[in-house]
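A.B. asks: pasted the sequence and its predicted model underneath.
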Amino acid sequence: MITNFFIPELNNHDVQELWFQQDGTTCHTARATIDLLKDTFGDRLISRFGPVNGPLRSCDLTPLDYFLWGYVKSFVYADKPQLLDHLEDNICRVISDIRPQMLEKVIENWTSRLDYIRASRGSHARNHI
């Protein structure tokens, strides 16, 4: 997926300042995967074996985890799709319906979370969020 979809898609955009963060799942941190990501992102890779060692299982820091996946799933499975095509259609529809204003609010929330983490010197943010 990284080689056939993700990197070619990145090449269609100006991503010189883009950072990539991944979780610490073993299959995501295989040597070949990390080497490929290092070649693509250089020092802008946040990963268990990357140049920047990110916090493991840090759902209070990543908008994809604390917002996007739950939001998308709540709508994708609402009509209980039974066929893969139906599921794919639902995913595309829900993602395309996300408006920039919603993402702006997510980023505001994310910034607040990061400020809290910095102020608390890395303690868990459960009571803050």
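C.D. replies: Yep, that arrived.
A.B. asks: drop to CA atoms for contacts and neighbour counts, all remaining ones
C.D. replies: Noted.
A.B. asks: need phi/psi at the residue sitting furthest away from the middle of the chain.
C.D. replies: Most distant residue from the mean C-alpha position of the chain: residue 82, 26.6 Å away (Cα atoms, centre = their mean). Torsion angles at residue 82 (phi, psi; degrees, to the nearest 10) stand at phi -100, psi -20.
A.B. asks: how about residue 45?
C.D. replies: phi -110, psi 120.
A.B. asks: now the residue farthest from the centre of the chain: how far from residue 74?
C.D. replies: Distance of residue 82 to residue 74, given as Cα to Cα, to the nearest Å: 16 Å.
A.B. asks: next, residue 49: secondary structure please.
C.D. replies: Put simply, residue 49 is coil when judged by DSSP: H, G, I helix; E, B strand; the rest coil.
A.B. asks: pull the residues that contact the worst-scoring helix or strand of the chain on mean pLDDT.
C.D. replies: The weakest-scoring helix or strand in the chain, judged by mean pLDDT, DSSP states H and E, is helix 63 (a mean of 75). For helix 63, contacts defined as Cα atoms under 8 Å, 6 or more residues apart in numbering pick out 106, 107, 110.
A.B. asks: what about the residues you listed, which are in strands?
C.D. replies: Among those, no residue falls in strands (DSSP state E).
A.B. asks: switch the residues you listed over to CSV; also include distance to residue 27, pLDDT and neighbour count.
C.D. replies: Output for the contacts of helix 63, formatted as CSV (distance: Cα to Cα, whole Å; pLDDT from 0 to 100; neighbours: other Cα atoms under 10 Å):
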residue, distance to residue 27, pLDDT, neighbour count
106, 28, 87, 17
107, 28, 86, 13
110, 27, 80, 19
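A.B. asks: I'd like those residues laid out as CSV, including distance to residue 48.
C.D. replies: Listed next are these as CSV, based on distance: Cα to Cα, whole Å:
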residue, distance to residue 48
106, 25
107, 24
110, 21
